[in-house]
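Visitor: Return atomic coordinates for the entry below.
(chains A and B)
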Protein chains: 2
Amino acid sequence: MAGESETSVSTESEAKRLIGTNDPYGGVIVHINEPMDPATFLSLITSSIAHWKLQGKKGVWIKLPVDRVNLVEAAVKEGFWYHHAEPDYLMLVYWIPQTPHTLPANATHRVGIGAFVINPNREVLVVQEKSGLLRGTGVWKFPTGVVDEGEDICAAAVREVKEETGVSRYYAMQLHFINLNEDSFFMFLDFLWFQIDSEFVEILAFRQSHKSFFEKSDLFFVCMMQPLSFDIQKQDQEIEAAQWMAFEEYAAQPFVQNNELLNYINDICKAKIDGQYSGFSPVPTRSFSDQKMSYLYLNGKATKRDSRG
Amino acid sequence: MAGESETSVSTESEAKRLIGTNDPYGGVIVHINEPMDPATFLSLITSSIAHWKLQGKKGVWIKLPVDRVNLVEAAVKEGFWYHHAEPDYLMLVYWIPQTPHTLPANATHRVGIGAFVINPNREVLVVQEKSGLLRGTGVWKFPTGVVDEGEDICAAAVREVKEETGVSRYYAMQLHFINLNEDSFFMFLDFLWFQIDSEFVEILAFRQSHKSFFEKSDLFFVCMMQPLSFDIQKQDQEIEAAQWMAFEEYAAQPFVQNNELLNYINDICKAKIDGQYSGFSPVPTRSFSDQKMSYLYLNGKATKRDSRG
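Guide: Numbers count the residues shown, from 1 in each chain, chains lettered A, B, ... in the order given. Next comes the predicted model:
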């Protein structure tokens, strides 16, 4: 929202105050960097709020790094409340006007992906979970994962397919013979670790669910991916935790059959394989308010523009 | 993740420990409800972690309500870190094993909607912002808003259209004449406040952007809505902050023309008006892991199933 100020306390002689940077909504953001004791902090907060009130400021944000944890209690006692927290800091907030606050809400959703990777033999990439609810059930499922902070959905899908097939260790043995001289050969065995590289095609559907993690909600995007490597097909027998599987065989699993959501996703995937479905594909665009590049996901088949950017 | 325990301290004579509930991932969740001093809390944490370690527990979650703020420093000094925070509590977490933690990440995204409400006269519902970046620019835009925690995207779009048109106060004057007796009339003026009720049709597209709010990302869904009330059309002249506007007039605004993202959205809306576009519509389904109802958004035109549930 604004840049960090190196020092958070003014050194003017007349009145010691916290130094903040303005945000575009009439608020002030303060980063507390240097150590101080709670009494000093409290006195700085009091004089600063009086000053900002005269300036007509509204919201006051105080970002406390985890090593300034000794100041949290003082801020809360002064009327600040928790806005959000990350492992290394706590964001506290205060509203100066006598009106209800209009501060933005905290992040509410986690975002996940499921990858539908299908090869030209109509086989789908499936994995068995080593942890989680499906562990030990023998169920084969699409690779899934959580989208990292700041990561594009389409990039997360590519990463997860690679990671999940990497974790499952697709080894292929290669025997190398090196002719050392005319009579003796040196032989060595080389393990190759295959990971599936894939290209993002489309978002086929997504699901929004609530209270999936404490009070937070979840957005789960089903992504169609095109595999860029197929070597893995040769390794079917050795692999326990991941494999290519005929789509119909995947879909026939009782766990899949008995699950309404997976049934819908099956119908969608089948329609997609048969060329009867169009999802949303990403187009890089520039944003409303700034010139940052971000992805707009749209039904590219239906617009004049080329959806592949 | 688990139910709350009323008391958070064991009363067994042999060793005072915190009482937690187990989560399905080998973790323990503790809710600190009763007041205590930091020294007592520290001693409880130490003995409890030793106990949980013997039990093979992994993650330890401590939920501290804001009025237990005096205990935050003790937990952090003992090795806990911030996981997330809401106005009324702070969630701290600790990882017992010597391996890297596999705790779930915090929520990463805020979710917003923009509503494309079009009436049978090919007019689109547009508003002028009273605050924010477009305030005072004279730009007419789609109603937009933030999806609340636990709210479905399709419900948020209906709510925002109603709220934004409510905020703009569509007044219609009605003159009432009451015949008090045969000779005198009492006349009063009644203001009616129109709000647009609308029905959710489809998600036409969505955009993912990053660092929109501190480090958090943003998912913005463009929603097509069908208006259920049209009375507002009569009020065009009196309304400053919201109106029905010919779609072509909206699209011709320089702000819209010069914005790549809005240009794409225009193309999509135009294709939709002309029957040339299909977005994602919501289908209620039951979830993988539990039987909670949630919405799956899919291209209903392309699947055999009825997308309107």
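Visitor: Identify each buried residue in the one helix or strand residue A:161 maps to, please.
Guide: Taking DSSP states H and E as the criterion, residue A:161 maps to helix A:153-167. With burial defined by 16 or more other C-beta atoms under 10 Å in any protein chain shown, the residues of helix A:153-167 counted as buried are A:153, A:154, A:156, A:157, A:158, A:159, A:160, A:161, A:162, A:164, A:165. Bear in mind the C-beta positions are built from the backbone N, C-alpha and C, glycine included.
Visitor: could you dump those to a markdown table with pLDDT and distance to residue B:291?
Guide: As requested, the buried residues of helix A:153-167 are exported to a markdown table (pLDDT from 0 to 100; distance: C-beta to C-beta, whole Å):
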| residue | pLDDT | distance to residue B:291 |
| --- | --- | --- |
| A:153 | 97 | 27 |
| A:154 | 97 | 31 |
| A:156 | 96 | 28 |
| A:157 | 96 | 27 |
| A:158 | 94 | 32 |
| A:159 | 91 | 31 |
| A:160 | 89 | 26 |
| A:161 | 88 | 29 |
| A:162 | 84 | 33 |
| A:164 | 76 | 27 |
| A:165 | 73 | 31 |
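Visitor: relative to helix A:153-167, how tilted is the lengthiest strand in chain A?
Guide: With residue count as the measure and DSSP state E as the assignment, chain A has strand A:198-213 as its longest strand. Counting by axes from the mean of the first three to the mean of the last three C-alpha atoms, to 10 degrees, strand A:198-213 points 90 degrees away from the direction of helix A:153-167.
Visitor: Given whichever helix or strand comes after strand A:198-213, what are its sheet partners and their directions?
Guide: Counting by DSSP H and E, the element after strand A:198-213 in chain order, helix or strand, is strand A:216-227. Sheet neighbours of strand A:216-227, with direction, are listed as strand A:109-117 (parallel), strand A:198-213 (antiparallel) (DSSP bridges).
Visitor: Please give the centre-to-centre distance between strand A:216-227 and its chain.
Guide: Between the centre of strand A:216-227 and the centre of its host chain there is 11 Å, according to C-alpha atoms, centre = their mean, to the nearest Å.
Visitor: cool, and stretch A:17-28?
Guide: Its chain's average C-alpha position is 29 Å from that of stretch A:17-28, according to C-alpha atoms, centre = their mean.
Visitor: Quick check: mean pLDDT of that stretch?
Guide: Mean pLDDT, taken over the full extent of stretch A:17-28, equals 90.
Visitor: following the helix or strand harbouring residue A:125, which helix or strand comes up?
Guide: Using DSSP H and E, residue A:125 sits in strand A:123-127. Moving toward the C-terminus from strand A:123-127, the first helix or strand encountered (DSSP H and E) is strand A:144-146.
Visitor: Could you confirm whether that next one reaches chain B?
Guide: Yes. Against chain B, strand A:144-146 shows contacts by C-beta under 8 Å from any C-beta of the partner chain at residue A:146.
Visitor: quick one: contacts of that strand?
Guide: A:110-115, A:156, A:159-160, A:163-164, A:220, B:104-105 (C-beta atoms under 8 Å, 6 or more residues apart in numbering or on different chains).
Visitor: buried sites along it?
Guide: By neighbour count, with 16+ other C-beta under 10 Å as the criterion, the buried positions of strand A:144-146 are A:144, A:145, A:146.
Visitor: If we only consider those residues, which is nearest to chain B?
Guide: Using C-beta to the nearest C-beta, residue A:146 is the member of those that sits closest to chain B, with 6.1 Å.
Visitor: Next up, the contacts around the closest residue to residue A:261 other than its chain neighbours.
Guide: In space, not counting the residues next to it along the chain, residue A:261 is nearest to residue B:285; the distance is 4.5 Å by C-beta to C-beta, 6 or more residues apart in numbering or on different chains. For residue B:285, the contact set (C-beta under 8 Å, 6+ apart) comprises A:207, A:260, A:261, A:264, B:293, B:294, B:295, B:296.
Visitor: Also residue A:226?
Guide: With contacts defined as C-beta under 8 Å, 6+ apart, residue A:226 is in contact with A:117, A:118, A:198, A:199, A:201.
Visitor: Check residue A:210 too.
Guide: Remark: with contacts taken as C-beta under 8 Å, 6+ apart, residue A:210 is in contact with A:217, A:218, B:150, B:292, B:294.
Visitor: From those residues, pick the one nearest residue A:57.
Guide: Residue A:57 lies nearest to residue B:150 out of the contacts of residue A:210, by C-beta to C-beta, at 31.3 Å.
Visitor: In terms of residue numbering, what are the domains of chain A?
Guide: Here the domain assignment for chain A is A:21-95, A:109-169+A:197-277, based on automatic domain parsing.
Visitor: Tell me the residues on the stretch 1-150 of chain A that lie near chain B, please.
Guide: Within reach of chain B by C-beta under 8 Å from any C-beta, the stretch 1-150 of chain A has these residues: A:1, A:24-25, A:66, A:69-70, A:72-73, A:76-77, A:81-91, A:102, A:104-111, A:131, A:133, A:146-150.
Visitor: who does residue A:22 bridge with?
Guide: residue A:28.
Visitor: That one contacts residue A:28, doesn't it?
Guide: Yes. At 6.2 Å, residue A:22 and residue A:28 qualify as touching, with contact defined as C-beta atoms under 8 Å.
Visitor: Counting neighbours, go ahead and name the busier of those two.
Guide: Remark: of residue A:22 and residue A:28, residue A:28 carries more neighbours, 24 against 13, as counted by other C-beta atoms under 10 Å in any protein chain shown.
Visitor: The more buried one and chain B: what is the separation?
Guide: 15 Å (C-beta to the nearest C-beta, to the nearest Å).
Visitor: Pretty sure that residue sits against residue A:59.
Guide: Yes. Applying C-beta under 8 Å as the test, residue A:28 and residue A:59 come out as touching, 7.4 Å apart.
Visitor: lowest average confidence, helix or strand, in chain A?
Guide: In chain A, no helix or strand scores lower on mean pLDDT, DSSP states H and E than strand A:170-179, which sits at a mean of 45.
Visitor: any weak-confidence spans in the stretch 51-200 of chain A?
Guide: Flagging of the stretch 51-200 of chain A using pLDDT under 70 yields the residue ranges A:130-133, A:135, A:166-194.
Visitor: ok, which stretches of the stretch 201-309 of chain A are strands?
Guide: Counting by DSSP state E, counting those that start in this stretch, the stretch 201-309 of chain A forms strands over residues A:216-227, A:242-246, A:281-286, A:293-298, given from the N-terminal end onward.
Visitor: Now tabulate those strands in TSV and tack on mean pLDDT.
Guide: Output for the strands of the stretch 201-309 of chain A, formatted as TSV (pLDDT from 0 to 100):
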stretch	mean pLDDT
strand A:216-227	94
strand A:242-246	86
strand A:281-286	92
strand A:293-298	94
